[in-house]
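Colleague: pasting the sequence and the predicted model now:
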Amino acid sequence: MKSIKSLCPECHFPIDGKLFEEHGKLMVEKTCSEHGSYRDIYWSDADLFHRFDKYSVSGDGLSNPITSDDSHCPENCGICSAHRTTTILANIDVTNRCNMKCPVCFSNSNAKGYLYEPSRDQIRDMLEILRNEKPVRCFSVQFSGGEPTVRSDLPDIVSMARQMGFIQIQIATNGIVLARNLDFAKKLHHAGLDTVYLQFDGVSEEPYLKTRGFNVFPIKEKAIENCRKANIRSIALVPTLAKGVNDHQVGDMIDFASQRLDVVKGINFQPMAFTGRVDQDTRENRRITIPDLIKLVEDQTDGQVNRDAWYPVPFVVPISRFISLMRNTPVPELSCHPHCGTGTYVFVENGKLIPITDFVDVEGMTEFLTEIVEENNENNSRLKSASLMAKAAYRIPSFIDQEKAPRTINVKKLFTNFFTKGTVDVTKEFHRNALFLGSMHFQDMYNFDIERVQRCGVHYATPDGRLIPFCTYNIFYRDEIEEKFSIPLNSAAGISSRPVRKETTEDKFSKAVTH
C-alpha cells in the first residue's frame, strides 16, 4: 500500500488517498469527510506498475520558480518551488476558437461565449518566460487551442518562436485547414514548423462519428498528404483512446503509420480522462490506463511489440545526464512521474515491426551511462569530452546486436555517432527509420495524484506570466485564465461565434458510445 495526496472530486479539497493492489490492478481510494469515498483504477497492471516504478527519477526543478508558495499544491501553480521537472514541452493556446465541436474536447472550445486569443506580443512574452527558465531553458513549444490554424497569423507566430531559439515547434491540430489549404501548410513549413500533432482517432468512419460527430478520416488522409507536399516531415498521430470506440483499431493505426514513415514519425495514444461527474461503474467500464494500451498493442500486432518493449518516460534521464556531462552544460531531463507516460521505438522491415529492444540492450546501455555520470560525480571531477567520447565509442556497440537489427540501418554506427557527436543530423537519421509509439495518460479528479502534478514536464504558458502543469491547467485553471484574458464574442470584430454547447463532455460522449 502507498499513500498519496489527492483531491475530492466534488469540493477539490486536499485529501489523503491510498494505492493498493487488487486482482492484479493498482487501485486508488480516497475519502472526503463531506462527500464520501471514491475509488478508481490507477493502473490496470500491478506488475507493470512496479517495473515502471524502478525508473523513478527526482529532478531538481527550476532554480528560478515563478511562485514560491508550495503549501497548498495545486492551488498556486505557477511553477512553484515544489515542482521537480523543468518545462520539457510548453503548450501555448493561441485561441479558443475551433472549426469543430467534438464531444471529447477537454478545452471545451467555442462553448463559453467569449474569445480567448492572446496577441502576438502576449505570446512573445510567454515564449520569453520559457526561454528564461533556469538551470535549463525550454526548447520545445506546441501551439494549440482551440484550433490554432484558425489564426491566419499562425505562420508568423511559428516564425517568432524559431527566431527566439526554440528548436522543436509543434502545432496541435485537427487537420482541417491543412487538408483544405496547401499554401497555408507551406507557409507553416517555411516559418519553421517542425511537427504536426494531428488529432487522429482511427482508420475508418466509425470512431470519428462517435468522437467528432462526423466522418473526419478523409480529412486526416488529405492533411497528411498536404503535409508531405509542403515538406513537413514530422507528423505525430494523436488518438483519444476510449473503450468501445477505437480501442479495437490500435493495431490498425500502427499499421497505417508504419506505411507512411516518410512523414508520420509517431503515435501518441491518449486514454480518455473524465472531466465531469462520472459514476464509478461508468469509470471502471470505460477507463483505459497505460497498461491497457500496452496490452492492446501487443494483442493487435500479434505479439511483435510486447510489453517488454515499453519503458516509462524517466528511463531516458541517464542519456540526458551523460550528454550534459559531455557538453558541460545542463540539458532537459525527462524526470516526469514514471506512471504518467511511456514509449518505445519500432522499426519497420518488410512489413514487420521490430522494437528497438529486440536488438539493443537499452537497460545495459542506460546503466553504463549512469555509471559514468556517477563516477564523475563521486570523484568530483570533470572528464574531458574526448575521454567521454572514447568511453562511449568503445562500450556502446557492445549493447547492440546488429544481426537482429533492421538491415536498412547500421545501428552500431548510428548509436555511436549519437553519443559521441550528438548532432541533430544523427537524431534525424534515427527518426527517419523509426516509429515512436507512446502514451500519455492525463489525470482527472478521480485518479488525481499531486505527486504526478509536481513532476509534470508539460506546462501551459499563460498571459499572466505563469507556467501551469497540464493536468491542473485543464482541471482547474483553463476557465479562469481564458475568462480573465478574453473579450465577449459579440465584441470580437470579424470573428464569427459558434453555438454554445449545452451538454457536458460526458453527456455527449455517453450518447455517442451507446448509440
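Modeller: Yep, it's here. Residues are numbered from 1 along each chain as shown.

Colleague: quick one, helices of the stretch 151-300 of the chain?
Modeller: Remark: helices assigned in the stretch 151-300 of the chain by DSSP state H, counting those that start in this stretch are 154-163, 176-180, 182-191, 205-211, 217-229, 250-258, 280-286, 290-300.

Colleague: which stretches of the stretch 151-300 of the chain have low pLDDT?
Modeller: Residues of the stretch 151-300 of the chain meeting the criterion pLDDT under 70: 276.

Colleague: mind running it again at 50?
Modeller: Scanning the stretch 151-300 of the chain for pLDDT under 50 picks out no residues.

Colleague: check the chain too.
Modeller: 496-515.

Colleague: go through it and flag its longest helix.
Modeller: In the chain, with assignment by DSSP state H, the single longest helix is helix 362-378.

Colleague: between helix 362-378 and whichever helix or strand comes after it, find me the angle.
Modeller: Moving toward the C-terminus from helix 362-378, the next helix or strand (DSSP states H and E) is helix 385-395. Going by axes from the mean of the first three to the mean of the last three CA atoms, to 10 degrees, helix 385-395 is angled at 150 degrees with respect to helix 362-378.

Colleague: next, the buried residues of the helix or strand just after helix 385-395.
Modeller: Next helix or strand after helix 385-395 toward the C-terminus (DSSP H and E): helix 411-420. Neighbour counts over helix 411-420 (16 or more other CB atoms under 10 Å) mark 411, 412, 414, 415, 416, 417, 418, 419, 420 as buried. Every C-beta, even on glycine, is put in place using the N, C-alpha and C of the backbone.

Colleague: which stretches of the stretch 51-200 of the chain form strands?
Modeller: 89-93, 114-116, 140-144, 168-173, 195-199 (DSSP state E, counting those that start in this stretch).

Colleague: how distant is the shortest one from the center of its chain?
Modeller: Taking CA atoms, centre = their mean, to the nearest Å, one finds the center of strand 114-116 at 26 Å from the center of the full chain.

Colleague: which one of the buried residues of helix 411-420 is nearest residue 371?
Modeller: Minimum distance to residue 371 across the buried residues of helix 411-420 is 13.9 Å, recorded for residue 419 (CB to CB).

Colleague: who's in contact with stretch 315-324?
Modeller: 55, 57, 330-335, 362, 366-367, 369-370, 372-373, 388, 392, 419, 422 (CB atoms under 8 Å, 6 or more residues apart in numbering).

Colleague: what is the burial count for the residue nearest to residue 66 when sequence neighbours are not counted?
Modeller: Closest residue in space to residue 66, ignoring its immediate chain neighbours: residue 78 at 4.3 Å, by CB to CB, 6 or more residues apart in numbering. Counted with other CB atoms under 10 Å, residues neighbouring residue 78 total 20.

Colleague: how far away is residue 363 from residue 315?
Modeller: Distance of residue 363 to residue 315, given as CB to CB, to the nearest Å: 9 Å.

Colleague: just residue 19 next, same as before
Modeller: In terms of CB to CB, residue 19 sits 21 Å off from residue 315.

Colleague: how much space between residue 81 and residue 128?
Modeller: Distance from residue 81 to residue 128, by CB to CB: 21 Å.

Colleague: neighbour count: the two, which is higher?
Modeller: More crowded of residue 81 and residue 128, by other CB under 10 Å: residue 81, with 15 against 12.

Colleague: still on that earlier bit, quick one, which of the strands of the stretch 51-200 of the chain gets closest to residue 452.
Modeller: Here strand 89-93 is closest among the strands of the stretch 51-200 of the chain (CB to CB), at 15.8 Å.

Colleague: and the closest one, what does it pack against?
Modeller: Strand 89-93 sits against helix 120-131, strand 140-144, strand 168-173, strand 458-461, with contacts defined as 3 or more CB pairs under 8 Å, 6 or more residues apart in numbering; DSSP states H and E.

Colleague: phi first, then psi, for residue 454.
Modeller: Residue 454 adopts backbone torsions of phi -70, psi -10, taken as degrees, to the nearest 10.

Colleague: list the contacts for the residue nearest to residue 265 when sequence neighbours are not counted?
Modeller: In space, residue 265 comes closest to residue 234 once its chain neighbours are excluded; the distance is 5.0 Å by CB to CB, 6+ apart. When contacts are counted by CB under 8 Å, 6+ apart, residue 234 is found next to 194, 195, 196, 263, 265, 431.
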